[in-house]
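S.K.: Any chance you can model this:
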Amino acid sequence: MKHSNISVFIPHIGCPMMCSFCNQRTISGTQKAPSGEEVREICREAFTMISDKENCEIAFFGGSFTAIPHDYRIELLESVRDFVGKDKLKGIRISTRPDCIDDDILRELMYYHVTSIELGCQSMHDEVLKLNRRGHDSECVETASRLIKSYGFELGLQMMTGLYGSSPELDRYTADRILRICPDTVRIYPVVVLEGTELAKLYKKGEYDIYGLDEMVSLCSEFMSAFSDKGIRVIKCGLHASEMVEGEMVAGYYHPAFRELCESRIFRNMLEKSLEKYHETSFTVLVNNRSLSKAQGHKRSNIEYFSKKGISLKFIQDMSVAPGDFILTIDNTKKGSN
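M.R.: Reported below is the predicted structural model:
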């Protein structure tokens, strides 16, 4: 069954740092912290519309949930407790900082039926963390991750690619260390430079440059494949669509179909590897209808890519092929044609 969230956005309250990339007002789309009663009303309205309640969580996103003042945190948790439990919603999902996790907090979260905890680790390279003002090191991420898993929570880790001071090699270093932690889920966020952030200042002064879009797509698709191969679900790749983000973006990799770009690249890489053993130039590719757009590429980019290499691909939908897979055959109808 497909997982879903009732999302509640909490602005930048209680977080001890202002990271180089952070403009929380833009990300969450609000400056006003919702009251417990407002959150209760959000859940009440959504609850009646959800059919698959067992696969739905109430998700507190937008800030560092365990860093907000204790009384307000309890107010929020109390406001939703009637919606979770047996025959109700699966539980509660929160996101927070790795240095805002300890035994007392985890026991509190267990009491209120929190089921999933996502940590914004962003990078696992200490110098990159320092340059981007994260306020914690990579060991803190590993310690918090171990503690969360020991309590039985679902663990999610969030990484950012292309941060100030990073490089493709250091981004791979981060992905490798996340793979060793083996969280249940991962979110990959290519950097989007927002107005009003330290990154925007550095970018405008020429002290911070970003990768090319093609390189970033290639890198993120590589990570998506690596996580998937280890059974780690990539639940997000790219910043969520937002008119506010588009309006305040200075540079970076915001694209409403960024994940599709990466999934298309994964398919392209798989096709290219399979084609290496052939000398022919015309092929038929059978794909599941759910994978057709990814196989052809965003705006048919994969078809154009292979066409420039002198390779013709004809995609045919076939429901017997597993989603994400394909069957490649030589297209004999093209043999001998001009």
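S.K.: how about the closest residue to V192 other than its chain neighbours, phi and psi?
M.R.: Once flanking residues are discounted, V192 sits nearest to G252: 3.9 Å by C-beta to C-beta, 6 or more residues apart in numbering. (C-beta placed from N, C-alpha, C; glycine too.) The phi and psi values for G252, taken as degrees, to the nearest 10, are phi 120, psi -150.
S.K.: which ones are touching G252?
M.R.: G252 makes contacts with 162, 190-193, 210, as judged by C-beta atoms under 8 Å, 6 or more residues apart in numbering.
S.K.: gap between it and V128?
M.R.: G252 sits 16 Å away from V128, taking C-beta to C-beta, to the nearest Å as the criterion.
S.K.: Go through stretch 168-176 and flag the buried ones.
M.R.: By 16 or more other C-beta atoms under 10 Å, the buried positions in stretch 168-176 come out as 170-171, 173-175.
S.K.: Now do the helices in this structure.
M.R.: 24-28, 36-47, 70-80, 103-111, 126-131, 138-150, 168-181, 198-204, 213-229, 243-248, 258-275, 292-296, 301-308 (DSSP state H).
S.K.: If you rank every helix and strand of the protein by mean pLDDT, what lands last?
M.R.: helix 24-28 (a mean of 53; mean pLDDT, DSSP states H and E).
S.K.: Go ahead and confirm I6 touches C56.
M.R.: Yes. With contact defined as C-beta atoms under 8 Å, I6 and C56 form a contacting pair (6.6 Å).
S.K.: list residues touching both of these two?
M.R.: Common neighbours of I6 and C56 (C-beta under 8 Å, 6+ apart) are 50, 89.
S.K.: quick revisit: mind picking the two most distant members of the contacts of G252?
M.R.: Spanning the widest gap among the contacts of G252 are P190 and V193, at 10.7 Å by C-beta to C-beta.
S.K.: was I right about C43 contacting F83?
M.R.: Yes. Counting by C-beta under 8 Å, C43 touches F83, with 4.9 Å between them.
S.K.: neighbour-wise, which of these two wins?
M.R.: When neighbours are counted by other C-beta atoms under 10 Å, F83 comes out ahead of the other of C43 and F83, with 21 against 18.
S.K.: what separates that one from H70, distance-wise?
M.R.: 22 Å.
S.K.: for S307, same thing?
M.R.: In terms of C-beta to C-beta, S307 sits 60 Å off from H70.
S.K.: circling back to that earlier point, need the residues touching each of C43 and F83.
M.R.: With C-beta under 8 Å, 6+ apart as the test, C43 and F83 both reach I58.
S.K.: Which one of the buried residues of stretch 168-176 is nearest to F61?
M.R.: Of those, the one sitting nearest to F61 (C-beta to C-beta) turns out to be T174, at 21.4 Å.
S.K.: any idea how far that closest one lies from S282?
M.R.: From T174 to S282 the distance is 41 Å (C-beta to C-beta).
S.K.: ok, now A322?
M.R.: The value you get for A322 to S282, if C-beta to C-beta is used, is 24 Å.
S.K.: Between these two, which has more neighbouring residues?
M.R.: Each of A322 and S282 has its neighbours counted (other C-beta under 10 Å); S282 has more, 17 against 12.
S.K.: Surely that one is in contact with G310?
M.R.: No. If you go by C-beta under 8 Å, S282 and G310 don't touch, sitting 9.8 Å apart.
S.K.: which sections of the stretch 201-338 of the chain are below the confidence cut-off?
M.R.: 241-245, 333-338 (pLDDT under 70).
S.K.: let's see 50
M.R.: 336-338 (pLDDT under 50).
S.K.: ditto for the stretch 51-200 of the chain
M.R.: Checking the stretch 51-200 of the chain against pLDDT under 50 turns up nothing.
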